[in-house]
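> Below are the sequence and a predicted model; questions follow.
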Amino acid sequence: MLKIAIYGKGGIGKSTTASNISAALAARGMRVMQIGCDPKADSTRVLMRGRIPTVLGVMQERGDDVALGDIVFESPSGVLCVESGGPTPGIGCAGRGIITAFELLENLGAFERFRPDAVIYDVLGDVVCGGFAMPIRGGYAKKVFIVTSGEMMAMYAASNIATALRNFGKRGYAQFGGLVLNCRNVENERALVERLASEEGTRIIGVVPRSAVVQEAEDMPSTVIEAFNESAQAQAYRDLADEIVRICKEDEDA
């Protein structure tokens, strides 16, 4: 089973990228589970054609009487979708929702029942606190990819996440797989992100061009892979998904 975490600053296009990767892998015949690790609970919106109940929300309503069917939903493309959710804004710890969701999925035997070929954790990367670091340090993910653009704050967040990865890596946790450049058409964007990659001791593993097709698909809502399968943008997501699988399998075979 490939265990992948995708981090990035809020609003950078991380969830769009993750969802299109999931859809691309599902179209390749893989059984994929995507777990949204953001209190906004919108990671799987385009996959599911809308929002789904969150783990934390279901637990608050039903207590311990929760079954896998209450929190794991299959998208039209065949991706298994989970949203950890979070507390009311300003009340409680957002990271705690991630920890609670992971514990419940394990207790209910989600991975044993669904036996996914790949699990993709879509994680907010503005703050790498205990809860948001769970996919890295809890043994859930083996490879971490960071989505960034050439914008200053996106690169700043990417650098912070990379620093956390180096610290965790010393303890045998998840490894840094590389940067994904989600273009915003910033001047000299490729050069800026290549310099960031060099400074962090990694590389750009994929480039996603800026395209109006992405917004068109999200407005439906749908992934680009499903709505515009023949587009150049869909091919960019497929190429990225294939490269991520190659990197993960290369590491497994080493």
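Received the coordinates, thanks. Numbering: from 1, shown residues only.

> For the rest of this, base every contact and every neighbour count on C-alpha atoms.
Will do.

> Need the contact partners of the longest helix along the chain.
The single longest helix within the chain, with elements called by DSSP state H, is helix 232-253. With contacts defined as Cα atoms under 8 Å, 6 or more residues apart in numbering, helix 232-253 is touched by 2, 17, 20-22, 24-25, 143, 177, 205-209, 211, 213-214, 224-225, 228-229.

> now do 7 Å
2, 20-21, 24-25, 143, 206, 208, 224-225, 228 (Cα atoms under 7 Å, 6 or more residues apart in numbering).

> Which residue is most remote from the mean position of the protein?
Distance from the C-alpha centroid of the chain, by Cα atoms, centre = their mean, peaks at Asp65 (28.0 Å).

> element containing that one, please.
Using DSSP states H and E, Asp65 falls within no helix or strand.

> From here on, call the first residue 17.
Understood, numbering begins at 17; the last thing we discussed is Asp81.

> how near is it to Val224?
Taking Cα to Cα, to the nearest Å as the measure, Asp81 falls 42 Å from Val224.

> Also Ser238?
In this view, Ser238 and Val224 are 17 Å apart by Cα to Cα.

> Looking at those two now, which is surrounded by more residues?
Ser238 (25 against 20; other Cα atoms under 10 Å).

> Narrow the contacts of helix 248-269 to those in strands?
Taking DSSP state E, the ones among these that sit in strands are 18, 159, 222, 224.

> Which one of the residues you listed sits in the busiest neighbourhood?
Lys159 (23 neighbours).

> Can you list the neighbours in contact with the worst-scoring helix or strand of the chain on mean pLDDT?
Here the helix or strand of the chain ranked lowest by mean pLDDT, DSSP states H and E is helix 150-153, holding a mean of 79. Contacts to helix 150-153, defined as Cα under 7 Å, 6+ apart, come from residues 21, 115, 157, 184, 189-190.

> Emit the ChimeraX select command for whichever of the residues you listed are buried.
Only the buried entries of the contacts of helix 150-153 go into this ChimeraX selection, using 16 or more other Cα atoms under 10 Å:
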select :21,115,157,184,189,190
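
> With respect to Glu210, which of the contacts of helix 150-153 is nearest?
Closest approach between the contacts of helix 150-153 and Glu210, by Cα to Cα: Ala21, at 21.1 Å.

> three-state assignment of that closest one?
Classification of Ala21 by DSSP: H, G, I helix; E, B strand; the rest coil places it in strand.

> Next: Val139.
Per three-state DSSP, Val139 ends up strand.

> so it bridges to which residues?
Judged by DSSP bridges, the bridge partners of Val139 are Tyr23, Cys53.
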